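**Student:** I need the structure of the sequence given here:
(2 chains)
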Amino acid sequence: MTQTRNVGAELPSQQFENVVIRFAGDSGDGMQITGSQFTHTAALLGNDLATFPDFPAEIRAPAGTQPGVSGFQVRFSSSDIHTPGDRPDVLVAMNPAALIVNIKDLAPGGIVIVNTGQFAERDVAKAGLKSNPMTDGTLTGYRKIEIDINDRVKRALEGSPLSPKDVQRCKNFYTLGLMYWLYSRPLEPTIAWLKDKFGKKPELADANIKALTAGFNAGDIQELFQARYEVAPCTTMLPGTYRNITGNEAVAIGLVAGAELANLKVFIGSYPITPATSILEQLASYKHYGVVSFQAEDEIAAICSAIGGSYSGYLGVTTTSGPGMALKTEAMGLAVSLELPLVIVDVQRGGPSTGLPTKTEQADLLQAIFGRNSEAPIPVIAASTPSDAFDCAVEACRIAVQYMTPVILLSDGYIANGAEPWRLPDVDKLPRFPAKFTTVAPEGGFLPYARDEKRARPWVTPGTPGLEHRIGGLEKANLTGHISYDPENHEFMVRMRAAKVAGIRDSIPTPSVVGDKQGDLLIVGWGSTYGSIASAVEIARGKGQRVSRLHLRHVWPLPAGLDEIFASYKAILIPEMNLGQLARVLRSEYQRHEFISYSKVQGLPFKTFELNDKIDALLAR
Amino acid sequence: MAETQALTKKDLKSDQDVRWCPGCGDYSILNSAQGVLAGLGIPRHQMVFVSGIGCSSRFPYYMNTYGMHSIHGRAPAFATGIKLANPELTVWLVTGDGDGLSIGGNHMAHILRRNVDVKILLFNNEIYGLTKGQYSPTSRTGLKTKTSPMGSVDRPFNPVSFALGCGATFVARTIDTHLKHMEATLAAAAAHKGSALVEIYQNCVIFNDGTFDAIADKTLRDDKTIDLEPGKPLVFGKGRDKGLKVEGFDVRMVPAESADVWRADTRSAGPAFVMSQLDSDPTMPRPIGVFRSVAAPIFNEGVRAQVSDAVARKGAGKLRDLFYTGDMWDVR
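**Tutor:** Okay, the predicted model is just below:
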């Protein structure tokens, strides 16, 4: 039976502006798929949305244990939203471990849907709990809805050719079907996805579709709910064609686009590392875009091969996370010295060392700006949201090609795995910045370290007749590029490289302030704190507080005009998921201003209310 | 504008003064390489020399070709990127025992196993020269240096055995003072399709002078070395009267007439490996020449073929299709 019925039609329909659902279960329960399918359908219905997948570093921790809990939070809305929400309104808990790990986040009075089929004594014990959270008071203050999903799936799939174990693996689609019913969503997009996904295994597609439909049609459960809910399409989104995109997807697409806008192809040399790996995976599938992808033997070989690719005329790219950045450091210095284009993507994660591989952090900022031996300036830009990562990747390519320099693009785990609607750009309207290869010696002879008006040196690829020359990491004489130990030449070249990178400032806009041009408080952010800051400022301004915000895309060199902006506010607050790294940079660059640092280093993004509490406290001073 | 005239050795000399120590074995290697490369019929703008760090790694500066003097140990990774991005280039890599087998041992292993079409000259002087005399991964046990004042405790790497273990498709050895042999070996490496590693015994006159004298000295050479020439008998000695025979997992000295004919393309790298292990036996001649030369799929060709294949199957990707794909919706 795969037809939907109009069950629960007698229930009242309630309109909500936005809803936050968190799906939580064991790593093997398919919660990431459930969440992303719900997201996908919400996108097609025209909701604005934001997601926050939260999964363990372990591939499969022992079943039913707290370390094995995998969660996916999705917020969908009929108005413009910037974050996946502070607190879920609905928590779906597939087992006791998932319940206990997530219940503290549920909004007061929120709905918790519990799979009672997984709450036997042994399940409670596996979760490391002494008492059953269903009965020990843990759920006091929440609306508890008990469903034996294990049993319902078993009954829905009676007669299925699947083994009992495989039948149980359809639980997540049963749950999804139920949530689709509750939020008045259509099943068709997910059915189409299942048919495509299991094209070669129709029995699996069939079973999951049956489970999905059974969840939607489960009339007897639906009495447990007092209403069905609706979230209307978002009407404030800019007109255009949209698709849902994660930060890592946006980086991969942006790099291909950026290369093409420079009339180049991408050479990616990378080594798998969480949470950056999927960028390499995706670029490896773009071979028909001329992408040459090379999975190197380590992080060092990855960046070195990418520099080699740039030397040969590709746009060299390497993607990594903090520990990989540390390993690539020496080669970055060489790229500074060689003055070749290169894009280094650092998808930040919790550290130091291996740290929290699957959790987010912004603590590589100082490493990106300063973390090399000697004077080795590299421009740094930071993506603020999943879709912004596309624009930032294109911008990184532009700077790399126009200034013949390595560029660091910072993302983080929150952006990498989070998704939001991406308004698709018009290809013809994207600015082009074609790479200029020097193929003949200019009048007066070829000088490998001559410079153009941007202080960029000529790009000459091996294979160009008559322009043979050698480059390397030893200090080079100005213009000729020959090895030079001359003291004055060294200082000249150090200052030249610094001036070149500082000069990028001339090609970037002053960021706009959102809010009043002057006021009591300016919140300055960079990277993935964007959503929380934007939401908090909206709320603060709604309360009549004189709070504005400014978000930095270019974190090095900093854009012009900031000093004047900073002077217009009584206080400046900098929320960061580190111990105040941007604040430290701004304090040294703009010494006449005071910057108040607000740190959170928990591997988790700021919650909006945390920022509003901070704003309230500051304004009450 | 291709260069149509044949190159001479002089065409490949750059305008930079060569700055190795007087008497360094590197001079003769540079000279031989320039001679061999000039004869390949390849225009010099198509040649790229890549190096890491160390005395040997100054090499690219002295070649009037394209060149990159990179960072310590990583030259194989740069060379791989250069070759993948432009397979038309003739890419040579110059490294030493420290650069190639110590800090860069990992990359050396991987360029060899992948079979990237890059020719690798490994200058082995069994010492760190540029940092002024510390033991290297090929220094013999017991060698007294500034960092091993009581003698090195390390067991040395055998570069040929290492390369064979990595699955290298071409492995050879030559000696800096044996010019004729060196040129023939470099020419054989140049002709090989795939990665080719040539270990070159190279004398460091300052920090490890004479380390190869016992075999490389011109008066001893004929008796103390044996040239592995594919298809030729394994015969050596001033009177060409002695020979070698591979038996099981060992090599035996035999009269010249009983010597094996050397084959560098056996299914197993076993004979080459056994031959490489003769180093430890002072009563046996030191093998030089071509240990192994086999055909195998070339990495850069495989990578590029996938790109061409993807373009042929899917059509050259268009940006619009990259953006406008999957589930989309319109907001009006």
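**Student:** so where's the chain shaky on pLDDT?
**Tutor:** You didn't say which chain, so I picked chain A. Within chain A, the stretches with pLDDT under 70 are A:1-2, A:6, A:8-9, A:219.
**Student:** Please refer instead to chain B.
**Tutor:** B:1-5.
**Student:** what about the residue sitting furthest away from the middle of chain A, which helix or strand?
**Tutor:** Distance from the centre of chain A peaks at A:Gly444, with 49.2 Å (C-alpha atoms, centre = their mean). Counting by DSSP states H and E, no helix or strand carries A:Gly444.
**Student:** And for A:Ala211?
**Tutor:** helix A:202-217.
**Student:** Pull out the buried positions in the following helix or strand past that helix.
**Tutor:** Reading on from helix A:202-217 to the C-terminus, the next helix or strand found by DSSP H and E is helix A:219-222. For helix A:219-222, burial by neighbour count (16 or more other C-beta atoms under 10 Å in any protein chain shown) applies to A:Ile221, A:Gln222. (C-beta placed from N, C-alpha, C; glycine too.)
**Student:** All the helices of the stretch 51-200 of chain B, residue numbers only.
**Tutor:** Ranges of helices within the stretch 51-200 of chain B are B:75-85, B:97-98, B:105-114, B:159-165, B:179-191, based on DSSP state H, counting those that start in this stretch.
**Student:** re the thing from before, identify the residues contacting the helix holding A:Ala211?
**Tutor:** A:1-5, A:7, A:152-153, A:156-157, A:160-162, A:166-167, A:170-171, A:173-181, A:187, A:190-191, A:194-195, A:197-199 (C-beta atoms under 8 Å, 6 or more residues apart in numbering or on different chains).
**Student:** Tell me which of these fall in helices.
**Tutor:** Counting by DSSP state H, the part of the contacts of helix A:202-217 found in helices is A:152-153, A:156, A:166-167, A:171, A:173-181, A:190-191, A:194-195, A:197.
**Student:** I figured A:Gln295 was touching A:Thr277, is that so?
**Tutor:** No: the criterion here is C-beta atoms under 8 Å, and A:Gln295 misses it with A:Thr277 at 10.1 Å.
**Student:** Between these two, which is the more surrounded one?
**Tutor:** Comparing A:Gln295 with A:Thr277 by other C-beta atoms under 10 Å in any protein chain shown, the one with more neighbours is A:Thr277, at 18 against 15.
**Student:** any idea how far A:Asp54 is from that one?
**Tutor:** 17 Å (C-beta to C-beta, to the nearest Å).
**Student:** same question, A:His288
**Tutor:** With C-beta to C-beta as the criterion, A:His288 and A:Asp54 are 34 Å apart.
**Student:** cool, B:Leu143 as well?
**Tutor:** Counting by C-beta to C-beta - B:Leu143 and A:Asp54 are separated by 56 Å.
**Student:** Who has more neighbours out of these two?
**Tutor:** Per other C-beta under 10 Å, whichever of B:Leu143 and A:Asp54 has more neighbours is A:Asp54, with 25 against 19.
**Student:** ok, the residue lying closest to the more buried one once chain neighbours are set aside - contacts?
**Tutor:** If the residues on either side of it in the chain are set aside, A:Asp54 comes closest to A:Gly71, at 4.4 Å by C-beta to C-beta, 6 or more residues apart in numbering or on different chains. Shown in contact with A:Gly71 (C-beta under 8 Å, 6+ apart): A:Arg22, A:Phe23, A:Ala24, A:Met31, A:Pro53, A:Asp54, A:Phe55, A:Ala98, A:Val101, A:Asn102.
**Student:** burial count for B:Ile53?
**Tutor:** 25.
**Student:** is it true that it touches B:His72?
**Tutor:** Yes: the criterion here is C-beta under 8 Å, and B:Ile53 meets it with B:His72 at 3.9 Å.
**Student:** any common contacting residues for these two?
**Tutor:** Residues touching both B:Ile53 and B:His72 by C-beta under 8 Å, 6+ apart: B:Asp99.
**Student:** Spell out which residues of the stretch 201-332 of chain B are next to chain A.
**Tutor:** B:303-304, B:306-307, B:309-311, B:313-317, B:319-320, B:322-332 (C-beta under 8 Å from any C-beta of the partner chain).
**Student:** Can you select the buried ones among those residues for me in ChimeraX?
**Tutor:** To isolate the buried ones among those in ChimeraX, judged by 16+ other C-beta under 10 Å, type:
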select /B:303,304,307,310,317,319,322,323,328,329,331
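**Student:** if we can go back for a sec, put the buried members of the ones in helices among the contacts of helix A:202-217 into a ChimeraX selection.
**Tutor:** Buried residues among the ones in helices among the contacts of helix A:202-217 (16+ other C-beta under 10 Å), as a ChimeraX selection:
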select /A:152,153,156,167,171,173,174,175,176,177,178,179,180,181,190,191,194
